[in-house]
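A.B. asks: pasting the sequence and the predicted coordinates here, then a few questions.
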Amino acid sequence: MGYLEDIGTYFLMLKRTFSSFTKGSVLRELIFKEIDDLIIGSLGIVGFIGFFVGGVITLQTALNLTNPLIPKTLIGFATRQSIMLEFAPTFISIIMAGKVGSFITSSIGSMRVTEQIDALEVMGINSLNYLVFPKIIAMLMFPFLIAIAMFLGMTGGLLAGVYGGFVSMDEFVMGLQQDFIPFHLAYAFIKTFIFAFILATVPSWHGYYMKGGALEVGKASTKSFVWTSVLIILANYIITQMLLS
Amino acid sequence: MIEVENIKKRFGDQEVLKGISTIFEKGKTNLIIGQSGSGKSVMLKCLIGLFKPEGGRILFDGKSIQDMNDEQQRVLREEIGMLFQGGALFDSMTIEENVMFPLRMFTNQKKSEMIDRVNEVLSRVNLEGNNKKFPAEISGGMQKRVSIARAIVNRPKYLFCDEPNSGLDPKTATVIDNLIQEITHEFDITTVVVTHDMNSVMEIGERINFLKNGLLVWKGTQEDIFKTDNKDVTDFVYSSDLFKKIRAVQNK
């Protein structure tokens, strides 16, 4: 019953988030602030992880291709497919559930504990629209982060492959272009948008409806990370089943 | 003026407010006092709309909040100022931004006009020159004063204060009490203060409502409370040694 109630409050939260809109000029500022906090603030970690994991994927692929009959272009091909289909959209989203999700839960949870949300409500402001809507809009920029992760992942792979002496630059680039199916890119970005929505709303729900004090804010952040990750993995499976099978 | 007619509120099996009726007068500081768990904070939250009572009516200048639609309630809330127990200032904003917040949300004033008004109210609460500080950089008493400034910046008709003196030293508490009373008289607003601090009763209790176990057991003025024979009230008022000694002197 508890889970059903939680699901119910989640959808009621979404309904209220998209009603009684905050004044436009204030909302615009909030959206830019959220883009700065959630997207621009994540560029460094996403770029770093993307670059080095791309390199590791290339090394792992190269080290496992011992059969001389298999063309070296497969290293670039496998790197591209791994990064584009799974690593960038899903793996980075899980990392963002830790970074951005915890930030959202703890910031909204702290506002709940210190009565700042009550203060908004008493003033006649729809606190859900004020707090959650700008995060949802800011997270529409999430595919931009994923695109950067894809680019840096393939760049990392190329540098690791070429400078590690496993593949030539021409072979790797040829592999990157080999059998490219544009719909795979569309699939990656479709699921990125859905993950972005989960990343903005599930941690917000955990923060907004938490009860207790500072300790509970920490617990809510942990629960938020776990549930956001679970939902991303489940959504990933369902979307893949629907779009690729 | 706020009229409360037979409001009831329960949480699960526990009936917290058991049908309270009273009037909070305009231009006066109306106190709700009582021991912890008496229902005073719940009553305040019903008044400001954070809790929905299961029964009864709350009338703001004759208009029932229960009969208002969402938009009417939103407009009413623009006329409400609230001082929360912990201040409830927005951590990420400076003092100036905190106080300016209601103006930004509900008016179309130019920034220079808003800053003038912010400086005016900050000066009213003796906090001029602290505009660019963040809430974490000022003391608890200053935070309460900023919270008062934010509550009055949009010229509210109703001011609600939840335990305004909690966590403050007696001298700062008196400053806050006096400020609340001065503002109430100056702007002729309806002020409701929830407290269990007898010093506040002494300082600003123009109209006092005493709650016990979810019931309004006594109401009267500051003068009345020290003369009443109501046992619940006398037990509460004379629970501290200081007031026991005062009573002993009075009885001599």
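C.D. replies: Yep, that arrived.
A.B. asks: could you use CA atoms for every contact and neighbour count after this?
C.D. replies: Noted.
A.B. asks: residues making contact with the helix or strand encompassing residue A:128?
C.D. replies: Here residue A:128 is covered by helix A:127-131, with elements defined by DSSP states H and E. Here helix A:127-131 makes contact (Cα atoms under 8 Å, 6 or more residues apart in numbering or on different chains) with A:13, A:16-22, A:27, A:108, A:117, A:120-121.
A.B. asks: hey, what's residue B:4 bridged with?
C.D. replies: Residues found in beta-bridge contact with residue B:4 (criterion: DSSP bridges) are residue B:22, residue B:58.
A.B. asks: ok, it to chain A distance?
C.D. replies: 18 Å (Cα to the nearest Cα, to the nearest Å).
A.B. asks: circling back to that earlier point, would JSON lines of the contacts of helix A:127-131 with secondary structure, neighbour count and pLDDT be doable?
C.D. replies: Written out in JSON lines, the entries for the contacts of helix A:127-131 read as follows (DSSP: H, G, I helix; E, B strand; the rest coil; neighbours: other Cα atoms under 10 Å in any protein chain shown; pLDDT from 0 to 100):
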{"residue": "A:13", "secondary structure": "helix", "neighbour count": "19", "pLDDT": "96"}
{"residue": "A:16", "secondary structure": "helix", "neighbour count": "16", "pLDDT": "94"}
{"residue": "A:17", "secondary structure": "helix", "neighbour count": "21", "pLDDT": "95"}
{"residue": "A:18", "secondary structure": "coil", "neighbour count": "14", "pLDDT": "95"}
{"residue": "A:19", "secondary structure": "coil", "neighbour count": "12", "pLDDT": "90"}
{"residue": "A:20", "secondary structure": "coil", "neighbour count": "17", "pLDDT": "85"}
{"residue": "A:21", "secondary structure": "coil", "neighbour count": "16", "pLDDT": "91"}
{"residue": "A:22", "secondary structure": "coil", "neighbour count": "19", "pLDDT": "90"}
{"residue": "A:27", "secondary structure": "helix", "neighbour count": "18", "pLDDT": "94"}
{"residue": "A:108", "secondary structure": "helix", "neighbour count": "24", "pLDDT": "96"}
{"residue": "A:117", "secondary structure": "helix", "neighbour count": "24", "pLDDT": "94"}
{"residue": "A:120", "secondary structure": "helix", "neighbour count": "19", "pLDDT": "92"}
{"residue": "A:121", "secondary structure": "helix", "neighbour count": "18", "pLDDT": "90"}
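A.B. asks: grab the nearest non-local neighbour of the residue in the stretch 101-250 of chain B positioned nearest to chain A.
C.D. replies: Of all residues in the stretch 101-250 of chain B, residue B:105 sits closest to chain A, with a separation of 6.3 Å (Cα to the nearest Cα). Spatial nearest neighbour of residue B:105, chain neighbours left out: residue A:23 (6.3 Å); criterion: Cα to Cα, 6 or more residues apart in numbering or on different chains.
A.B. asks: what's around that neighbour, how many residues?
C.D. replies: Here the neighbour count serves as a burial measure; for residue A:23 (other Cα atoms under 10 Å in any protein chain shown) it reads 14.
A.B. asks: so it touches residue B:107, yeah?
C.D. replies: No. Under the contact definition of Cα atoms under 8 Å, residue A:23 does not touch residue B:107, with a separation of 9.9 Å.
A.B. asks: what's the biggest helix in chain B, counting residues?
C.D. replies: The helix spanning the most residues in chain B, taking DSSP state H as the definition, is helix B:170-187.
A.B. asks: how far does the helix or strand hosting residue A:233 sit from its chain's centre?
C.D. replies: Using DSSP H and E, the secondary-structure element containing residue A:233 is helix A:214-244. Remark: helix A:214-244 is offset 10 Å from the chain centroid, using Cα atoms, centre = their mean, to the nearest Å.
A.B. asks: helices or strands up against that helix?
C.D. replies: Applying 3 or more Cα pairs under 8 Å, 6 or more residues apart in numbering or on different chains; DSSP states H and E, one finds that helix A:214-244 contacts helix A:92-96, helix A:102-113, helix A:182-208.
A.B. asks: go through the ones you listed and name the closest to chain B.
C.D. replies: helix A:102-113 (7.9 Å).
A.B. asks: how far off centre is the closest one?
C.D. replies: On the basis of Cα atoms, centre = their mean, helix A:102-113 is displaced by 19 Å from the centre of the chain it belongs to.
A.B. asks: what is it packed up against?
C.D. replies: Applying 3+ Cα pairs under 8 Å, 6+ apart, one finds that helix A:102-113 contacts helix A:182-208, helix A:214-244.
A.B. asks: quick one, which of the ones you listed is packed in tightest?
C.D. replies: helix A:182-208 (a mean of 22; mean count of other Cα atoms under 10 Å in any protein chain shown).
A.B. asks: mind putting the helices and strands packed on helix A:102-113 in JSON lines, mean pLDDT included?
C.D. replies: Shown next, in JSON lines, are these (pLDDT from 0 to 100):
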{"stretch": "helix A:182-208", "mean pLDDT": "96"}
{"stretch": "helix A:214-244", "mean pLDDT": "95"}
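A.B. asks: for the residue nearest to residue B:105, phi and psi?
C.D. replies: According to degrees, to the nearest 10, the main-chain angles of residue A:23 amount to phi -50, psi 130.
A.B. asks: my guess is residue B:74 contacts residue A:121. True?
C.D. replies: No. The pair residue B:74 / residue A:121 is not scored as a contact, 9.1 Å apart, by Cα under 8 Å.
A.B. asks: circling back to that earlier point, quick check: mean pLDDT of the helix holding residue A:128?
C.D. replies: Taken as a whole, helix A:127-131 carries a mean pLDDT of 96.
A.B. asks: next SSE downstream of it?
C.D. replies: Helices and strands here follow DSSP H and E; after helix A:127-131, the next one along the chain is helix A:133-138.
A.B. asks: so is that next one next to chain B?
C.D. replies: No. In terms of Cα under 8 Å from any Cα of the partner chain, no part of helix A:133-138 sits within range of chain B; the closest distance is 15.6 Å.
A.B. asks: tell me the contacts of the nearest residue to residue A:97 once chain neighbours are set aside?
C.D. replies: With Cα to Cα, 6+ apart as the criterion, residue A:97 has its nearest non-adjacent residue at 5.5 Å, and that residue is residue A:225. Contacts for residue A:225 (Cα under 8 Å, 6+ apart) come out as A:97, A:98, A:101, A:102, A:203.
A.B. asks: cool, residue B:23 as well?
C.D. replies: Taking Cα under 8 Å, 6+ apart as the test, what residue B:23 contacts is B:1, B:2, B:3, B:4.
A.B. asks: list the helices and strands the next helix or strand after the longest helix of chain B packs on?
C.D. replies: Beyond helix B:170-187 in the direction of the C-terminus, DSSP H and E gives the next helix or strand as strand B:190-195. Taking 3+ Cα pairs under 8 Å, 6+ apart as the contact definition, the neighbouring helices and strands of strand B:190-195 are strand B:14-24, strand B:29-33, helix B:40-47, strand B:158-162.
A.B. asks: the same query, at a cut-off of 6 Å, please.
C.D. replies: Here strand B:190-195 touches strand B:29-33, strand B:158-162, going by 3 or more Cα pairs under 6 Å, 6 or more residues apart in numbering or on different chains; DSSP states H and E.
A.B. asks: winner for burial among those strands?
C.D. replies: Of all the helices and strands packed on strand B:190-195, strand B:29-33 carries the top mean neighbour count, a mean of 28, counting by mean count of other Cα under 10 Å.
A.B. asks: circling back: a markdown table for the helices and strands packed on helix A:214-244, including distance to residue A:50?
C.D. replies: Rendered in a markdown table, the data for the helices and strands packed on helix A:214-244 read as follows (distance: least, Cα to Cα, whole Å):
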| stretch | distance to residue A:50 |
| --- | --- |
| helix A:92-96 | 8 |
| helix A:102-113 | 21 |
| helix A:182-208 | 15 |
